[in-house]
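> Okay, predicted coordinates and the sequence, questions at the end:
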Amino acid sequence: MASLVGMSPSAFSRFFKLRTGKSLSDYVLDIRLGYAARLLVDSSHNLSNFNRIFKAKRSITPREFRALYKKNKVTV
């Protein structure tokens, strides 16, 4: 299966790692961890605020989402 840039997924992975020194999954993890770290230092983000925003966006609480994910392996 060819991608939009004319590379197979494995060729793109090799290209990405050659250019960045990281696998694509490691790069995505670094981006997510950086974002999470910024949220941790932002005093306006606390657990109750997170729970409220999560429920507003997903229509279920984080606890309900986790239980549903464990039961059905829902795509996030």
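Thanks, I have the structure now. Being a predicted model, the structure only gives us computed values, none of them experimental.
> For the residue most central in space within the chain, pull up the helix or strand it's in.
Central residue check for the chain by C-alpha atoms, centre = their mean: the C-alpha nearest the mean position is that of Arg32, 5.8 Å away. According to DSSP states H and E, Arg32 maps onto helix 24-41.
> cool, Arg19 as well?
Element membership for Arg19 (DSSP H and E) is helix 9-20.
> average pLDDT across that helix?
Per-residue pLDDT values over helix 9-20 give a mean of 94.
> how much space between Ser25 and Lys71?
In this view, Ser25 and Lys71 are 25 Å apart by C-beta to C-beta, to the nearest Å. Every C-beta, even on glycine, is put in place using the N, C-alpha and C of the backbone.
> Any stretches of this protein with poor pLDDT?
The chain contains residues with pLDDT under 70 at 1-4, 43, 45, 74-76.
> Packing partners of the one helix or strand Ser48 maps to?
Applying DSSP H and E as the criterion places Ser48 in helix 47-58. Contact partners of helix 47-58 among helices and strands, from 3 or more C-beta pairs under 8 Å, 6 or more residues apart in numbering; DSSP states H and E: helix 62-72.
> mind listing what's buried in the helix it packs on?
For helix 62-72, burial by neighbour count (16 or more other C-beta atoms under 10 Å) applies to Phe65.
> neighbours of the closest residue to Lys22 other than its chain neighbours, just the number please.
Nearest residue to Lys22, sequence neighbours excluded (C-beta to C-beta, 6 or more residues apart in numbering): Asp30, at 7.2 Å. By the criterion of other C-beta atoms under 10 Å, Asp30 has 12 neighbours.
> how close does the residue located most distally from the centre of the chain get to Arg58?
Largest separation from the mean C-alpha position in the chain: Gly6, at 25.5 Å (C-alpha atoms, centre = their mean). Distance, Gly6 to Arg58, by C-beta to C-beta: 36 Å.
> got it, and Val41?
Taking C-beta to C-beta, one finds Val41 at 24 Å from Arg58.
> more neighbours, those two?
In terms of neighbours (other C-beta under 10 Å), Arg58 is the more surrounded of Val41 and Arg58; the figures are 13 against 7.
> got a list of what the more buried one touches?
Arg58 sits next to Phe65 when contact means C-beta atoms under 8 Å, 6 or more residues apart in numbering.
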